[in-house]
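# fold the following.
(chains A and B)
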Amino acid sequence: MIVANRKDIRELKGIIAPYKRVLIVGCGTCVTVCLAGGEREVAIIGSSLRMALRLAGKTDVQVDECTVERQCDRAFFDPLTGTVGNYDAILSLGCGVGVQELAQRFPNVAVLPGLNTQFMGTLEEQGVWAERCVGCGSCRLAEFGSVCPIARCAKRLFNGPCGGSREGRCEVNRDLDCAWHLIYERMKALGQLDRLAEIAPIMDWSRGIDGGPRRVVREDQQITIPCAGNQVRTTTLSR
Amino acid sequence: MGNNGSEPVILAFCCHYCAYAAADLAGSLRLSYPPNVRVLRVPCTGKVEVTHVLRAFEWGVDGVIVAGCLEGGCHFLEGNLRARKRVERTRQLLDEIGLGRERLEMFNLSSAEGPRFAEIVREMTERLRRLGPSPLRCEGVLQ
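Residues are numbered from 1 along each chain as shown, chains lettered A, B, ... in the order given. Coordinates of the predicted model:
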């Protein structure tokens, strides 16, 4: 899931300062699960902002709340279409994708981020979320016993540990497991320690964010519209 | 219950198994405590959500008490421990909002502590008198 956390109420108050009618929009997927931007958090931030604004003497600012099923897909924005026109700004409690999708769908309304999007990760224990994937575009988990050295090694090493770890803990941060300790233990359990003797090929970083914004195109999933003159036009699914 | 505006209004979320019974006992013992507390019975303080407390402040109460069982004595094992963490998070939010964390407090007591309940209400009332009325208090909303 995408993991995010909320911005400070004082920062949010500053972000919405130029606007008089603000709609807080939550997201019912990842950020609900990581307790940052679901229906409950929308209520908490809505209530907090209304109080903070009244304390600042801004009694004429209207702050309303709603939550959509999913912000990263415009197909779920239909419930908003009738109401967004009543507002100057949307404060999105979705991840960065949600903020940008809302902005694209509603070009005449300011769309503002209410969360700081952190990473793709998992619930490590109750109340603790940890990064597991950086979306490098070229997954090599098969080589490393399903433990990612990019997302989980502080030094992103591909060919063994740095030598600084102690008792399975990372020297950069003692709260973190040493990814290479985990890789070693996992490969040992799988009986594949010999594979670690191979030199890992150089990573193709151009498939990651370093190669610029990425797209995935599935031509078989694109909608083909027949046109006059036996020509065909291809378009992606959109609303 | 009306309020002439001079006394702080307190909302007390009281656990059915301890604080609510303690408040009842305080009454049976004819103990006197400030009448400006509104007792709201909950099945466990673990039932109290951050939004419940924030809404109370938004509606204009001066202070909120969350009163649960003694630590280790929760009828639902750890509801009061969860409530304590939630209260601490809400206190942080109250600081960010600008209301101040002192307006919210969690207490632990047993059902046999009627005098302690009266003391808690007196203690909180004194604190809120010192802090002054909530700047969010609306005329008539707490009648």
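
# ok, A:Leu176 - how many residues close by?
The number of residues packed near A:Leu176 is 17, by other Cβ atoms under 10 Å in any protein chain shown. Yep, even glycine has a C-beta here, placed from its N, CA and C like the rest.

# residues in contact with the residue nearest to it when sequence neighbours are not counted?
Excluding its sequence neighbours, the residue lying closest to A:Leu176 (Cβ to Cβ, 6 or more residues apart in numbering or on different chains) is A:Cys170, at 4.2 Å. For A:Cys170, the contact set (Cβ atoms under 8 Å, 6 or more residues apart in numbering or on different chains) comprises A:Cys153, A:Ala154, A:Gly164, A:Leu176, A:Asp177, A:Cys178, A:Ala179.

# from the residues you listed, list just the buried residues.
A:Cys153, A:Leu176, A:Asp177, A:Cys178, A:Ala179 (16 or more other Cβ atoms under 10 Å in any protein chain shown).

# picking that back up, what is the nearest of the contacts of A:Cys170 to chain B?
A:Leu176 (23.8 Å; Cβ to the nearest Cβ).

# quick one: mean pLDDT for stretch B:74-91?
Averaged over stretch B:74-91, pLDDT sits at 97.

# and it with chain A, contact?
No: using Cβ under 8 Å from any Cβ of the partner chain, stretch B:74-91 stays clear of chain A, coming no nearer than 8.8 Å.

# for that stretch, buried residues please.
When neighbours are counted by 16+ other Cβ under 10 Å, the buried residues of stretch B:74-91 are found to be B:Cys74, B:Gly79, B:Asn80, B:Leu81, B:Arg82, B:Ala83, B:Arg84, B:Arg86, B:Val87, B:Thr90, B:Arg91.

# the fifth one and B:Gly46 touch, don't they?
Yes: here B:Arg82 lies in contact with B:Gly46, judged by Cβ atoms under 8 Å, at a distance of 4.8 Å.

# list residues touching both of the two?
With Cβ under 8 Å, 6+ apart, B:Arg82 and B:Gly46 have no common neighbours.

# middle-most residue in chain B, spatially?
B:Ile65 (1.5 Å; Cα atoms, centre = their mean).

# helices or strands up against the top strand by length along chain A?
Counting residues, the longest strand found in chain A (DSSP state E) is strand A:115-125. Packed against strand A:115-125 by the contact rule (3 or more Cβ pairs under 8 Å, 6 or more residues apart in numbering or on different chains; DSSP states H and E) you find strand A:2-6, strand A:128-133.

# residue contacts, B:Ala19?
With contact set as Cβ under 8 Å, 6+ apart, B:Ala19 has these partners: B:Ala12, B:Ala67, B:Gly68, B:Cys69, B:Phe107, B:Leu109, B:Ser111, B:Phe117.

# repeat that for B:Ser111.
With Cβ under 8 Å, 6+ apart, B:Ser111 has these contacts: B:Tyr17, B:Cys18, B:Ala19, B:Ala21, B:Ala22, B:Leu25.
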